[in-house]
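> okay, here's the prediction I keep looking at, along with the sequence it came from:
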Number of protein chains: 2
Amino acid sequence: QKKVDLSFSNRGKSLEDELNETNEFYLSRGIAVIHKKPVPIQVVNVNYPERSAAVITEAYFRTPSTTDFNGVWQGNYIDFEAKETKSATSFPLQNIHDHQVEHMQSVSKQGGVVFFIVKFTSLDRYFIVPYDNFEKYWERMKKGGRKSITLIEFETMSLEILPRFNPRLDYLKAVSIMTTTSNNATERQEDV
Amino acid sequence: QKKVDLSFSNRGKSLEDELNETNEFYLSRGIAVIHKKPVPIQVVNVNYPERSAAVITEAYFRTPSTTDFNGVWQGNYIDFEAKETKSATSFPLQNIHDHQVEHMQSVSKQGGVVFFIVKFTSLDRYFIVPYDNFEKYWERMKKGGRKSITLIEFETMSLEILPRFNPRLDYLKAVSIMTTTSNNATERQEDV
Ligand SMILES: [Mg+2]
Ligand SMILES: [Mg+2]
């Protein structure tokens, strides 16, 4: 019999695990097909022993040039980066790479649905930030401003995801709200 | 100065390289954002030497559960598997995994644009096969029928991509034709 955590808290579980579980839920119900991309690894040396599997004996982690997760939901291209922070007050931007931001910008221009999911581990709080909202904080840093986004800023410019039992993090519900809102905004602009 | 192969033939280049070059072309022109997924590797042991990068000293290749390439093109989710064969007469189905086909079926149901690109290396010929067309040949095999798709079948049920200089394999042009055709087919059905 499987043990079930009835507290709904799941403290200690990584954000990646929580998202993988959520994505399995989505896949099994036919809701969406979204996967974690494998970590990019540069393989330098491989041994091929007789009668057993090839063994990689020298390899290196490479810096990811894209994001963690992508896939399809109701015909929409979904692409996001998941990040955790131990800070209880702000999210540091230093472990986001330029290449990742460039990738997200390209995806946004191409009509994809692209965002961050940020977990404040010490608070057990989760936020989903559309790339377009994120961009101004990135530019603020690039112009010499602060190198982080404060919790208060998250509370005003992102949607909070409340963790549940199953699926653990129903982020597509938030995406659904986000895309509806931005479509309305676009429609309003077109009406002018 | 870079050497340029003016023969347009590029024999010996792998299909993966040709597709990576094409995707770089698409990305640089703002046409699409499509990438090869990293090969999934299970890392077993890592050394962390002082003052230098972590070295993976034991790892294994894992069977991919999804496809080679995915991304976004004009808001559409694009997902495909690339395969080469040395045969001049048929494409063997044995190196396509059940998990990959299940993945492609899920993507198709979710409204993604999903297909195979098959290269007959000895003929220097390339075909693009929508997943929906592929399915009946897969089912034929599952029911005990032939374990390959013949070249003649490719000629009737897929689009041939003629290699060019730049981009090398303009497969999105073929996708554009495919999606227009299937939309028309849908419209026709709705008119009944
Ligand atoms: Mg991440
Ligand atoms: Mg392949």
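Received the coordinates, thanks. Residues are numbered from 1 along each chain as shown, chains lettered A, B, ... in the order given. Ligands and ions are numbered 1, 2, ... in the order given.

> least trustworthy helix or strand in chain A by mean pLDDT?
Taking mean pLDDT, DSSP states H and E as the measure, helix A:171-191 is the helix or strand of chain A with the lowest mean score, a mean of 68.

> burial of A:Leu172, as a residue count?
Using other CB atoms under 10 Å in any protein chain shown, A:Leu172 has 22 other residues around it. C-beta here means a position set from N, CA and C on the backbone, and glycine is covered the same way.

> that one: what's it in contact with?
Counting by CB atoms under 8 Å, 6 or more residues apart in numbering or on different chains, A:Leu172 touches A:Tyr26, A:Ile31, A:Ala32, A:Trp73, A:Ile78.

> now A:Phe116
A:Phe80, A:Glu81, A:Ala82, A:Lys83, A:Ile128, A:Val129, A:Tyr131, A:Phe134.

> mind doing that once more with 10 Å?
By CB atoms under 10 Å, 6 or more residues apart in numbering or on different chains, the contact list for A:Phe116 reads A:67-68, A:80-83, A:91, A:96, A:100, A:104, A:127-131, A:133-134, A:149, A:158.

> list the beta-bridge partners for it.
As for beta bridges, A:Phe116 partners with A:Glu81, A:Val129 under DSSP bridges.

> check the contacts of A:Leu172 one by one and keep those near chain B.
A:Tyr26, A:Ile31, A:Ala32, A:Trp73, A:Ile78 (CB under 10 Å from any CB of the partner chain).

> need the max-distance pair from the residues you listed.
A:Ile31 and A:Ile78 (11.4 Å; CB to CB).

> hmm, back to that, the contacts of A:Phe116: which ones sit near ligand 1?
A:Asp68, A:Ala82 (CB under 5 Å from the ion).

> ok, and the most crowded of the contacts of A:Leu172?
Most surrounded of the contacts of A:Leu172: other CB under 10 Å gives A:Ile78, at 23 neighbours.

> hang on, it is in a strand, isn't it?
Yes. Under DSSP: H, G, I helix; E, B strand; the rest coil, A:Ile78 sits within a strand.

> the residue lying farthest from the centre of chain A in helix, strand or coil?
Residue farthest from the centre of chain A, counting by CA atoms, centre = their mean, is A:Glu50 at 41.1 Å. Secondary structure state of A:Glu50, per three-state DSSP, is coil.

> relative to ligand 1, which of the contacts of A:Leu172 is nearest.
A:Ile78 (15.1 Å; CB to the ion).

> and the strands in chain A?
Using DSSP state E, the strands assigned to chain A run over residues A:33-36, A:41-47, A:55-61, A:69-73, A:76-85, A:90-92, A:113-120, A:125-130, A:148-150, A:159-161.

> what average pLDDT does the third one get?
This points to strand A:55-61. The average pLDDT for strand A:55-61 rounds to 96.

> show me the contact partners of it.
Residues from elsewhere that reach strand A:55-61 (CB under 10 Å, 6+ apart): A:39-49, B:41-46, B:53-61.

> separate out the buried members of those.
Neighbour counting by 16 or more other CB atoms under 10 Å in any protein chain shown classes A:Pro40, A:Ile41, A:Val43, B:Ile41, B:Val43, B:Val55, B:Ile56, B:Thr57, B:Ala59 among these as buried.

> in JSON lines, list those residues along with distance to ligand 1.
As requested, the buried ones among the contacts of strand A:55-61 are arranged in JSON lines below (distance: CB to the ion, whole Å):
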{"residue": "A:Pro40", "distance to ligand 1": "13"}
{"residue": "A:Ile41", "distance to ligand 1": "16"}
{"residue": "A:Val43", "distance to ligand 1": "22"}
{"residue": "B:Ile41", "distance to ligand 1": "17"}
{"residue": "B:Val43", "distance to ligand 1": "16"}
{"residue": "B:Val55", "distance to ligand 1": "22"}
{"residue": "B:Ile56", "distance to ligand 1": "19"}
{"residue": "B:Thr57", "distance to ligand 1": "24"}
{"residue": "B:Ala59", "distance to ligand 1": "20"}
